[in-house]
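**Student:** I need the structure of the sequence given here:
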Amino acid sequence: MILAVFRARAHSLEYAERLRAHGVQASTIPAPKETRIGCGLCVRFEEAQFARAQAILRLGNYKSFKGFYKFEYVGSLPRVFPYTR
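**Tutor:** This next block holds a predicted model:
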């Protein structure tokens, strides 16, 4: 899964809504502590939708956007790392 991380809670909520309006299945979830952000929410979507989600991000003025992160489990441990493609 891919996480879009923002420093502003309002931007997380707005971006998730914008993704859904453009047909991307997305939800807001508590941000994993590994992303080290303050607002506490991020937007989750499937990796297969990354190109579309990236294009939709450009439609908004999200100055609080911190980056895209990949979230996965390695064994039973969560792993979060910056994601680019």
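
**Student:** Direction included, what does the top strand by length along the chain pair up with?
**Tutor:** In terms of residue count, the longest strand belonging to the chain (DSSP state E) is strand 65-74. Sheet pairing here is set by DSSP bridges, and for strand 65-74 it gives strand 2-6 (antiparallel), strand 77-82 (antiparallel).

**Student:** average pLDDT across the shortest one?
**Tutor:** Strand 2-6 comes out with an average pLDDT of 93.

**Student:** Pull the distance from that strand to the chain's centre.
**Tutor:** In this view, strand 2-6 has its centroid 2 Å away from the chain centroid, taken as Cα atoms, centre = their mean, to the nearest Å.

**Student:** got a list of contacts for it?
**Tutor:** Residues from elsewhere that reach strand 2-6 (Cβ atoms under 8 Å, 6 or more residues apart in numbering): 12, 15, 29, 31-32, 35, 37, 39, 41-47, 49-50, 53, 57, 62, 64-71, 80, 83. To be clear about C-beta, it is placed using only N, CA and C from the backbone, and glycine gets the same treatment.

**Student:** Residue 25 versus residue 61, what's the distance?
**Tutor:** From residue 61 across to residue 25, the span is 24 Å (Cβ to Cβ, to the nearest Å).

**Student:** And residue 58, by the same measure?
**Tutor:** Residue 58 is 20 Å from residue 25, by Cβ to Cβ.

**Student:** And residue 63, by the same measure?
**Tutor:** 26 Å.

**Student:** Could I get the full set of helices for this structure?
**Tutor:** Under the criterion DSSP state H, helices of the chain are mapped to 9-21, 50-57.

**Student:** of all the ones you listed, which lies closest to residue 75?
**Tutor:** helix 50-57 (24.5 Å; Cβ to Cβ).

**Student:** just for this structure, where's the confidence low?
**Tutor:** Applying pLDDT under 70 to the chain picks out residues 35-39.
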